[in-house]
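sequence? don't have it. structure:
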């Protein structure tokens with residue numbers, strides 16, 4: 001997603017804080033991933049449908065799962081609300 005500014009910022013932050021991440025990112029040692037959509041029932045905001053991308057490295061069992069909401073969607077608004085309130089669970 002070359003036009004996703006938030007993803008680019010996340011990658012930049014990870015590269016700055018983790019030499020291992022930066023090295024792996026530079027090697028592009030990532031297997032073709034799988035993608036899908038998942039719906040999560042949050043006690044705080046109700047149903048949230050997210051895009052789910054799974055990235056796997058070629059030489060280990062490392063998997064990174066990235067959940068994103070479609071920009072400007074109701075689901076994106078729900079994620080923003082969860083970030084602001086910090087209410088990820090009922091506890």
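Great, that's in hand. The model shown is predicted, which means the values in this text are computed figures rather than measured ones. Numbers count the residues shown, from 1 in each chain.

moving C-terminal of the worst-scoring helix or strand of the chain on mean pLDDT, what's the next helix or strand?
Every helix and strand of the chain was ranked by mean pLDDT, DSSP states H and E. The lowest is strand 30-42, at a mean of 76. Using DSSP states H and E, the helix or strand that follows strand 30-42 towards the C-terminus is strand 46-57.

mind listing what's buried in that following strand?
For strand 46-57, a neighbour-count test (16 or more other Cβ atoms under 10 Å) marks 48, 50, 56 as buried. (Glycine included, C-beta is placed from N, CA and C.)

Tell me what the second one is bridged to.
Using DSSP bridges, the beta-bridge partners of residue 50 come out as residue 38.

surely it meets residue 38?
Yes - Residue 50 is within contact range of residue 38, at 5.6 Å (criterion: Cβ atoms under 8 Å).

which residues do the two both contact?
Both residue 50 and residue 38 are contacted by residue 67, under the criterion Cβ atoms under 8 Å, 6 or more residues apart in numbering.
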